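Chemist: Here is my input, please return the structure:
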Amino acid sequence: MHGPPLVAWLLVVLGTATGAYCLFRTRLGCPGTGPEERRVARAEALMGMGMAAMAVPVSVLDPPRWAAAAFGLVFGVAAVRALLLARHDAHHLHHAVGAGAMVYMAVAMAEAGAVGGGAHAGHTPAGTPATTGLLLAYFAIYVLAAGVRLVSAPATVTATGTASAGGAVPVAHAPELASACRVSMAIGMFAMLLTL
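Modeler: Predicted structure coming up:
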């Protein structure tokens with residue numbers, strides 16, 4: 001990834017942490033994780049880990065030429081799958097846009113590397129300004145809308161893990177934490193698009 005190394009490493013940490021939490025949510029027996037919730041968590045884990053891998057600074061790891069094709073293939077399949085699942089749940093449209101943005105960034109960075117003579121030849125803007133602008137606008141709106149919903153949601157779990165309506169809910173399984181992970185991944189995607 002181009003851009004300041006500190007930003008890249010922060011994106012690696014963010015992507016890894018959210019991806020790991022999403023993998024944690026895929027476990028059987030977690031409260032409130034039925035088959036659909038586990039499917040969503042797997043898609044979000046793929047996105048988080050993919051973001052982390054793509055954000056590694058090129059000064060540390062110069063990706064091989066086939067890396068862009070691999071990212072494009074994996075996230076292209078994820079985008080098509082999300083579009084098929086969107087017939088039943090509209091939230092999958094967000095996953096399709098995210099996976100499509102990952103394909104776009106992989107292709108754009110591969111083209112910039114080929115045109116610029118390699119990753120260390122200097123940073124030239126990648127991608128088309130119109131597509132990058134549309135994706136930036138989408139993720140900015142998503143972050144603001146989801147952030148408002150998250151902040152305005154009634155608190156259902158206390159720090160000790162007891163729900164206000166009765167029964168105990170571990171903090172690690174709170175629906176607000178999953179929503180916060182989605183917001184943080186969208187912020188990470190926005191930052192990655194800015195550094196494109």
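Chemist: The longest helix along the chain packs against which elements?
Modeler: For the chain, the helix with the greatest residue count under DSSP state H is helix 91-116. Helices and strands touching helix 91-116, by 3 or more Cβ pairs under 8 Å, 6 or more residues apart in numbering; DSSP states H and E, are helix 35-55, helix 66-85, helix 129-152, helix 175-194. For glycine as for every other residue, the C-beta is placed from the backbone atoms N, C-alpha and C.
Chemist: what comes up buried for that helix?
Modeler: Neighbour counts over helix 91-116 (16 or more other Cβ atoms under 10 Å) mark 92, 94-110, 112-113 as buried.
Chemist: Same check on stretch 19-29?
Modeler: 19, 21, 22, 23, 25, 26.
Chemist: To which secondary structure element is the first one assigned?
Modeler: Residue 19 belongs to helix 5-25 when elements are defined using DSSP states H and E.
Chemist: helices or strands next to that helix in the packing?
Modeler: By 3+ Cβ pairs under 8 Å, 6+ apart, helix 5-25 packs against helix 35-55, helix 175-194.
Chemist: sorry, back to before: dump the helices and strands packed on helix 91-116 to CSV, plus mean neighbour count.
Modeler: Shown next, in CSV, are the helices and strands packed on helix 91-116 (neighbours: other Cβ atoms under 10 Å):
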stretch, mean neighbour count
helix 35-55, 20
helix 66-85, 17
helix 129-152, 14
helix 175-194, 19
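Chemist: Can I get those in CSV including distance to residue 6 and mean pLDDT?
Modeler: Shown next, in CSV, are those (distance: least, Cβ to Cβ, whole Å; pLDDT from 0 to 100):
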stretch, distance to residue 6, mean pLDDT
helix 35-55, 12, 89
helix 66-85, 22, 93
helix 129-152, 21, 92
helix 175-194, 11, 88
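Chemist: Nearest to residue 9 among those helices would be which one?
Modeler: The closest approach between residue 9 and any of these, judged by Cβ to Cβ, belongs to helix 35-55 at 8.0 Å.
Chemist: I'd like to know which elements that closest one is packed against.
Modeler: Contact partners of helix 35-55 among helices and strands, from 3+ Cβ pairs under 8 Å, 6+ apart: helix 5-25, helix 66-85, helix 91-116, helix 175-194.
Chemist: how about those in CSV, adding distance to residue 131?
Modeler: Formatted as CSV, the helices and strands packed on helix 35-55 follow (distance: least, Cβ to Cβ, whole Å):
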stretch, distance to residue 131
helix 5-25, 20
helix 66-85, 14
helix 91-116, 6
helix 175-194, 10
